[in-house]
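S.K.: this one's sequence-less:
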Ligand SMILES: C[S@@+](CC[C@H](N)C(=O)[O-])C[C@H]1O[C@@H](n2cnc3c(N)ncnc32)[C@H](O)[C@@H]1O
């Protein structure tokens, strides 16, 4: 079976995969610090908030902006009513996942007038917000496309190298909160789940024709769903795929092993979302392009919310900061490869942040500095 959406060979071993999709899917409830208990008392609602305001609480905000600028911390701000003190950094920066612009806005506050910030998002609503910001701030350029198109999209703007790249992976609170987007198993809507609603197929369209075995493999590989076969069978027996609540109910009934505090459809919804948006393939493409794009001394800063992504970023940085190919028992010494990154580091949220924003619980920020090694095309593992 081939999972054609993902270019990458994920080889996911579910025993190694920590599913944080519920944490990732929790921000809407989180925004207003409200836990919603359903009839099953222990199921935490990932997409139910009494007040739907479609806002996004940016995670690891000062840490990420400091990382992409290559500084230990941002200037301290004693009086929050005053404008943020600014480092006035020049250069070209990329926010690969604009969302509602939390990270972009703080980064802009630290950039000089001659700096440039290129922002990407697949989501048309995020792009409208970005365009509104760009109309007020000439330093911003907006790209409505996947960050997997980084090199070509930047080249179209005449940019071949950048000083910093940041990405805050996954979906945003507004995407989950809006039931019509189909990400929520607690708010009804069409089974869509596309980040970019202007192109590509929805999950509903895919479910119409996908065979049961492929569906089961997707649930297993991208959702760590151990009961993937019986869930896939139940999904394929549905007559239509026009309601997220109906889909969630079918999964719930088919799932033999409910866990306290977790909706039984959590992993299946995560898997279908990751698959339909080619999330892991896009991350791999983005990371690979960061090597030739970043200037010597440039910074990479990536936030992830589940171990499928975090593991990829960790392995990428390990591979490119060690300076050696994996050991080959036929050779006396492993050959050298260029060291493209130095100082790889991982940072998690503070206790204060997780109590303010439980969505941050599963977040990890990984950062590294581009060395001055010239880029050489490398097909080795
Ligand atoms: C977690 S949110 C980012 C929130 C943002 N940092 C903020 O402060 O508002 C992730 C955003 O990335 C977008 N996204 C996810 N994968 C993408 C991809 N491959 N290319 C472009 N945008 C993507 C989603 O549409 C979503 O708006």
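M.R.: Structure received. Small disclaimer: the values here were computed from a predicted structure and weren't measured.

S.K.: please list the residues of the stretch 201-350 of the chain that sit near the ligand.
M.R.: Within the stretch 201-350 of the chain, the positions near the ligand by CB under 6 Å from any ligand atom are residue 282. C-beta here means a position set from N, CA and C on the backbone, and glycine is covered the same way.

S.K.: and the residue of the stretch 201-350 of the chain nearest the ligand?
M.R.: residue 282 (3.7 Å; CB to the nearest ligand atom).

S.K.: and residue 38, what pLDDT?
M.R.: Looking at residue 38, its pLDDT is 21.

S.K.: do residue 76 as well
M.R.: Residue-level pLDDT assigned to residue 76 equals 87.

S.K.: and for it, nearest residue in space, chain neighbours not counted?
M.R.: Among residues not flanking residue 76 along the chain, residue 85 sits closest, at 7.6 Å (CB to CB, 6 or more residues apart in numbering).

S.K.: do residue 91 as well
M.R.: Residue 91's closest residue in space is residue 163 (CB to CB, 6+ apart), at 3.5 Å.

S.K.: what does residue 296 give?
M.R.: Distances taken as CB to CB, 6+ apart place residue 372 nearest to residue 296, at 3.8 Å, with adjacent residues excluded.

S.K.: in this structure the one you found contacts residue 294, no?
M.R.: No: judged on CB atoms under 8 Å, residue 372 makes no contact with residue 294 at a distance of 10.7 Å.

S.K.: ok, these two, which is more surrounded?
M.R.: residue 294 (24 against 11; other CB atoms under 10 Å).

S.K.: now the closest residue to the more buried one other than its chain neighbours, what are its backbone angles?
M.R.: In space, and not counting its chain neighbours, residue 294 is closest to residue 370: 3.9 Å by CB to CB, 6+ apart. Main-chain dihedrals, residue 370, degrees, to the nearest 10: phi -70, psi 130.

S.K.: what about residue 370, neighbour count?
M.R.: Neighbours of residue 370 (other CB under 10 Å): 27.

S.K.: show me the strands in this protein, by range?
M.R.: Using DSSP state E, the strands found in the chain span residues 92-95, 116-121, 140-144, 162-168, 294-304, 341-347, 364-370.

S.K.: ramachandran angles for the residue of the chain positioned farthest from its centre?
M.R.: What lies farthest from the middle of the chain is residue 332; by CA atoms, centre = their mean that is 40.3 Å. As for residue 332, its main-chain torsions (degrees, to the nearest 10) stand at phi -70, psi -40.

S.K.: show me the contacts for residue 144.
M.R.: 120-122, 124, 127, 196, 198 (CB atoms under 8 Å, 6 or more residues apart in numbering).

S.K.: beta-bridge partners for it, please?
M.R.: Residue 144 has these beta-bridge partners by DSSP bridges: residue 121.

S.K.: I'd assumed residue 147 was in contact with the residue of the stretch 201-350 of the chain closest to the ligand.
M.R.: Yes: with contact defined as CB under 8 Å, residue 282 reaches residue 147; the gap is 6.4 Å.

S.K.: report whether stretch 141-159 contacts the ligand.
M.R.: Yes: counting by CB under 6 Å from any ligand atom, the ligand is contacted by stretch 141-159 at 146-148.

S.K.: list the buried ones in that stretch?
M.R.: By 16 or more other CB atoms under 10 Å, the buried positions in stretch 141-159 come out as 141-151, 153-154, 159.

S.K.: tabulate the residues you listed (CSV), appending pLDDT.
M.R.: What follows is the buried residues of stretch 141-159, written out as CSV (pLDDT from 0 to 100):
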residue, pLDDT
141, 98
142, 98
143, 98
144, 98
145, 98
146, 98
147, 98
148, 98
149, 98
150, 98
151, 98
153, 98
154, 98
159, 98
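
S.K.: any chance of those in CSV, plus distance to residue 134?
M.R.: CSV is the format used below for these (distance: CB to CB, whole Å):
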residue, distance to residue 134
141, 7
142, 5
143, 11
144, 12
145, 15
146, 19
147, 17
148, 22
149, 18
150, 18
151, 21
153, 15
154, 16
159, 16
